[in-house]
Each structure stands twice: as C-alpha cells, then as structure tokens.
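In: sequence below, structure please.
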Amino acid sequence: MKARLLLSALVISATCSLGADTPAQKPASSAPSTETPKEKAPPGRPGGTTMDVRAFLINTKWSWRNVRAGVPDRECVFMADGTFRHPNFVAKFTVKDPHTVVLTRKGGKAVLTFDADFQNFEALDFNQIRITGSRL
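Out: Numbering: from 1, shown residues only. Sure, this is the predicted structure:
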C-alpha cells in the first residue's frame with residue numbers, strides 16, 4: 001500500500017513538474033476585438049488613389065436607376081475580378097480617376113461620375129441614357 005501511495009505521489013509530482021516547464025498561456029479575453037481587418041472594414045470614403053477607389057468599390061453595393069424609364073432600382077456590385085455586375089449585364093470596370101469609373105462591354109462604354117462623398121453617381125449608360133445610382 002505504501003508503494004502505491006509513493007508511486008502515485010511520484011506521478012503527480014512529475015506531472016506538475018512537466019507543466020511548470022511549459023510557457024504560461026495568455027488568458028483568453030472575453031471582450032470582443034475592436035480591430036477590424038482592412039478588407040472587411042465598413043466603407044466610408046476611399047482614399048485618393050485609383051487603387052483605393054477600386055478597393056472601396058469592391059466592398060460596396062450600389063443601386064442603378066434608369067431615370068427615363070422609371071424602372072425600379074437594380075442592385076449592382078463591383079467584383080474583385082474587374083467586372084461590374086448588374087442583373088441584366090456584366091461589364092469590365094476601370095477606375096480612371098478618383099471620381100470616374102468607365103464600364104466597358106460589347107455594346108460600348110458607360111461613364112460613372114461619383115460625388116465627393118461616394119454616396120451617389122451619375123452616368124450615361126451604353127445607350128447614352130441618364131442613369132443615377134446610390135450606395136446601398
């Protein structure tokens with residue numbers, strides 16, 4: 001019986017000693033992190049470069065409204081692969097300057113001009129029809 005108790009004490013002692021050699025782990029914080037990765041940050045306004053504008057557009061959704069036809073707004077997105085997706089067409093987009101984006105497709109070009117706060121844009125579409133849009 002003494003041998004068993006002695007053996008148990010040795011095992012417990014050895015286990016405690018091994019645990020002491022391992023580095024202490026940081027306690028997990030229960031508070032949520034306030035840091036947001038840059039690509040997931042809620043968009044406000046892009047920086048001044050065309051690359052900043054491109055990254056901003058990719059992370060936002062926009063409405064597209066044909067003013068003359070009075071049709072309901074359509075939701076559109078700028079994709080990381082360089083395409084602009086509208087429910088009725090797909091076009092390649094190019095940021096020409098911090099407030100101008102050109103959409104190109106087989107039927108021609110459309111030029112989108114964004115306001116200073118990047119809340120709205122105006123455009124002439126591929127058929128030279130006035131289009132308005134706003135950030136969703």
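In: read off the pLDDT value for the nearest residue to residue 120 once chain neighbours are set aside.
Out: Once flanking residues are discounted, residue 120 sits nearest to residue 134: 4.8 Å by Cβ to Cβ, 6 or more residues apart in numbering. C-beta: built from backbone N, CA, C; applies to glycine. pLDDT for residue 134: 92.
In: count the residues that sit near residue 134.
Out: Neighbourhood size, residue 134 [other Cβ atoms under 10 Å]: 13.
In: ok, now which ones touch it?
Out: By Cβ atoms under 8 Å, 6 or more residues apart in numbering, residue 134 lies in contact with 62, 63, 119, 120, 121.
In: and for residue 116?
Out: residue 99.
In: any idea how far residue 48 is from it?
Out: Noted for residue 116: a distance of 12 Å to residue 48, by Cβ to Cβ, to the nearest Å.
In: could you do residue 78 as well?
Out: Taken as Cβ to Cβ, the span from residue 78 to residue 48 is 18 Å.
In: the more surrounded of those two?
Out: The residue with more neighbours, out of residue 78 and residue 48 and counting by other Cβ under 10 Å, is residue 78; that gives 23 against 9.
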